[in-house]
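Enquirer: sequence and predicted structure below; questions after.
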Amino acid sequence: MTRGTGAAGASPARAFLGTSLSSVAVALLTFVSGVLIARALGPEARADYGTVLLIGQTVATLGCLSFFDGAIVRLRAEPGLLGSALPSMLFAGLAISGISAGAAFVVLSLGGIGPEGMTPARVLTIAALIILDTMLWQCFSAAERSRMDFFLVNLSRVLSPAAFSLLVAVAWIVQGGDLSAWLVLLLFLLSRLPVLVVWSLRYARQIVGPLSWSFLCDTGRIGLKLHMAIAVGAIAGQLDRLIAIGAWPKELLGQYFVAFSAVGAGYGVITTAINTVLFPYLAGMAAAERQERVHLILRLTVLISGATVLAGLCILPFAIPLLYGADYLAATPMAMGLLGALAVVPIRAVVLEAGRSLGKGRPSVEMALVSIAVMMGLYGLTGFTTPTQLIVSLGLANLLSMLAGARHLVRDGVIRPGGHLLPGIADVRRLLSILKKRHELH
């Protein structure tokens, strides 16, 4: 991880590399904590844990109104504005948290959604705290990313899962391997506190100050323009699990959560780096330069995604039964299917962020709507009675969604179709050079 240098921050290559390296650490730590949780909870309680976490994070994503994405756009245009804008950003985060927590209360109370293994009060409490934590993280992360400074962003992403893994391991030993979903969720929230402390200390002199209503209004307007894409994208990205929560028994759901966690950890290394760096990097870039950069990033992403598939084919058949235990044998074929279904997700992330960097919301919305339409249409036809039906539908939805977004980029001149989009030996060498920190994208 490389510390940025002021407003300019790290070079794009180092920013991608630093975020990717931190993502590797996050993937490993997430895998470790996932193994501990799966073994300690069992499939049914693992389903309860995953359900509450998914509900809280989904409501937070839908309720944020993309305010902090708007803040990045605003602060990139006026880098010196951060010091006076941070109090307003924190105020917005707290206000959005309260409104989102109220929405979660209504949904969970009236909709009867939530695991049977936890009381409604506990589910609501955890969901509200997850929402608050998410908003504060997004606020401080937006401040860092607006300066293209990813040191603390990457550090925070590693620190939280490291603390979580440690807390789960200690609790497992103390409790004799018998943990509840409620306790694990509390440990998850506790593991997030060190990150907020680090950020609070960094910005201690800028946290308190007068509110800027003009900044709040301008940023809110920008965020609302971007939010439709974020909202439907969040639903599309988690629709498979949201459907599974209502359609499958908890035993099968717990198996699917484990399979998705194991496979998602690998792809998360790529997509997190793309989602973190690419939007601020491409925003405001000249058209010719943007096309060149996007072509290169697409080729490198195809290479990395392909390497991830090959690694997964070699590792997953042995890793899941060995590490998660015999209770999760059914998760292995699910994971192998998800390895293929999610292979296009990193490429889709490049297409998504390249489109968002143009300041246009329609392509992103269309990508999400295509994904939702495919998933819901095939759910209506099959009912997703088997994991295979859901996984095949997910792979098709991801592919068609990516193609829908790429169509807009071709029309806008960001992508020029042709053989130059296919990776070659030069791209392999370039990727190896980047990994060795000898080469930069510009």
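Expert: All right, it came through fine.

Enquirer: where does the stretch 251-400 of the chain have low pLDDT?
Expert: Applying pLDDT under 70 to the stretch 251-400 of the chain flags the ranges 276, 279-280, 283-284, 361.

Enquirer: ditto for the stretch 101-250 of the chain
Expert: 110-117.

Enquirer: now do the contacts for the residue lying closest to residue 212 once chain neighbours are set aside.
Expert: Counting by Cβ to Cβ, 6 or more residues apart in numbering, residue 212 lies nearest to residue 88, which is 4.9 Å off, once chain neighbours are set aside. For glycine as for every other residue, the C-beta is placed from the backbone atoms N, C-alpha and C. Listed by Cβ atoms under 8 Å, 6 or more residues apart in numbering, the contact partners of residue 88 are 211-213, 215-216, 219.

Enquirer: 6 Å instead?
Expert: 211-212, 215-216 (Cβ atoms under 6 Å, 6 or more residues apart in numbering).

Enquirer: filter the residues you listed down to the buried ones, PyMOL style.
Expert: Those of those that count as buried under 16 or more other Cβ atoms under 10 Å are selected in PyMOL with:
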select buried, resi 212+215+216
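
Enquirer: mind checking which of the contacts of residue 88 land in strands?
Expert: Using DSSP state E, no member of those sits in strands.

Enquirer: and the contacts of residue 88, which two are furthest apart?
Expert: Using Cβ to Cβ, the two most remote members of the contacts of residue 88 are 211 and 215, lying 8.3 Å apart.

Enquirer: which secondary structure elements does the top helix by length along the chain sit against?
Expert: Taking DSSP state H as the criterion, the chain has its longest helix at helix 12-63. In terms of contacts (3 or more Cβ pairs under 6 Å, 6 or more residues apart in numbering; DSSP states H and E), helix 12-63 is packed against helix 82-111, helix 120-145, helix 151-174, helix 181-202, helix 213-247, helix 250-282.

Enquirer: contacts only, for residue 132.
Expert: residue 97.

Enquirer: quick one: it from residue 167, how far?
Expert: 19 Å (Cβ to Cβ, to the nearest Å).

Enquirer: swap in residue 72?
Expert: For residue 72 relative to residue 167 (Cβ to Cβ), the value is 31 Å.

Enquirer: same thing with residue 99?
Expert: Following Cβ to Cβ, the distance that separates residue 99 from residue 167 is 30 Å.

Enquirer: out of these two, which sits in the more crowded spot?
Expert: residue 167 (19 against 13; other Cβ atoms under 10 Å).

Enquirer: tell me if I'm right that that one and residue 187 touch.
Expert: Yes - when contacts are counted by Cβ atoms under 6 Å, residue 167 is listed as touching residue 187 (4.4 Å).

Enquirer: who's in contact with stretch 56-64?
Expert: 96, 100, 104, 127, 130-131, 134, 231, 234, 238.

Enquirer: which one of these is nearest to residue 320?
Expert: Of all the contacts of stretch 56-64, residue 238 has the smallest distance to residue 320: 21.7 Å, by Cβ to Cβ.

Enquirer: and the closest one, how many neighbours?
Expert: Count around residue 238 with other Cβ under 10 Å applied: 16.

Enquirer: then residue 103?
Expert: Burial measure for residue 103: 14 neighbouring residues, criterion other Cβ under 10 Å.

Enquirer: gap between it and residue 56?
Expert: Distance from residue 103 to residue 56, by Cβ to Cβ: 12 Å.

Enquirer: remind me which helix or strand the closest residue to residue 87 other than its chain neighbours belongs to.
Expert: Once flanking residues are discounted, residue 87 sits nearest to residue 209: 4.1 Å by Cβ to Cβ, 6+ apart. Under DSSP states H and E, no helix or strand contains residue 209.

Enquirer: I figured residue 209 was touching residue 86, is that so?
Expert: No - taking contacts as Cβ under 6 Å, residue 209 lies outside contact range of residue 86: 7.3 Å.

Enquirer: looking at the two, which is more packed in?
Expert: Set residue 209 next to residue 86 and count neighbours by other Cβ under 10 Å: residue 86 wins out with 23 against 14.

Enquirer: quick one: contacts for the more buried one?
Expert: residue 206.

Enquirer: follow-up on the earlier one: give me the mean pLDDT for the helix or strand that the longest helix of the chain is followed by.
Expert: Once the chain leaves helix 12-63, the next helix or strand it forms, by DSSP H and E, is helix 67-77. For helix 67-77, mean pLDDT is 84.

Enquirer: report the distance from helix 67-77 to the chain centre.
Expert: 19 Å (Cα atoms, centre = their mean, to the nearest Å).

Enquirer: tilt between the longest helix of the chain and helix 181-202?
Expert: Relative orientation of helix 12-63 and helix 181-202, computed by axes from the mean of the first three to the mean of the last three Cα atoms, to 10 degrees: 120 degrees.

Enquirer: orientation of helix 12-63 relative to helix 82-111 in degrees?
Expert: Computed by the same axes, to 10 degrees, the angle between helix 12-63 and helix 82-111 is 40 degrees.

Enquirer: ok, residue 217 - how many residues close by?
Expert: 10.

Enquirer: thanks a lot, catch you later.
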